[in-house]
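Asks: I need the structure of the sequence given here:
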Amino acid sequence: MLINFATSPEHRLHTCLWTNGTAGCGSEIPGHSIPTHFREHHGIVAADARPIRCRWEGCMDTIAVGHLFLHIQQKHLIWRYPCLNCGMEFARKAARNAHFVQCKNIGN
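Replies: So this is what the prediction gives:
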């Protein structure tokens, strides 16, 4: 699973383009640290249920704060999880894992 670990979006560095009104943050952060980065640098806590306008460079979407990290991962960072059997890509790890079990059982 070394290949899976090395290519997993949770372990790659991503550039934060959250804007403060004038410029993007620009911090390089590992995917697994996105919630911590947003809490410590942008004052955003995922447990908050209020709607918020996404301030990622060029985005005007309004979403619940609790869905912000998923929104950033899927829309802005384009996280994808490939099936290690057939190569099909999924936006969510759980969907890939469910597919992989079936794909492996089918013998692809």
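
Asks: Tell me where this protein has helices.
Replies: Using DSSP state H, the helices of the chain run over residues 2-7, 34-42, 68-71, 93-106.

Asks: Can you give the distance of the last one from its chain's centre?
Replies: When you say that, I think you mean helix 93-106. Remark: helix 93-106 is offset 20 Å from the chain centroid, using Cα atoms, centre = their mean, to the nearest Å.

Asks: Show me what that helix packs onto, helices and strands only.
Replies: strand 81-82, strand 89-90 (3 or more Cβ pairs under 8 Å, 6 or more residues apart in numbering; DSSP states H and E). All C-beta atoms are positioned from the backbone trio N, CA, C, and that covers glycine.

Asks: Could you pull out the buried residues of it?
Replies: 96, 99-100, 103 (16 or more other Cβ atoms under 10 Å).

Asks: can you give me the mean pLDDT across it?
Replies: Mean per-residue pLDDT for helix 93-106: 82.

Asks: Likewise for the first one?
Replies: Rounded to a whole number, the mean pLDDT of helix 2-7 is 49.

Asks: Once you drop chain neighbours, what's closest to the residue most central in space within the chain?
Replies: Nearest residue to the geometric centre of the chain (Cα atoms, centre = their mean): Gln73, 2.2 Å. What sits nearest to Gln73 in space, not counting adjacent residues and going by Cβ to Cβ, 6 or more residues apart in numbering, is Trp79, at 4.4 Å.
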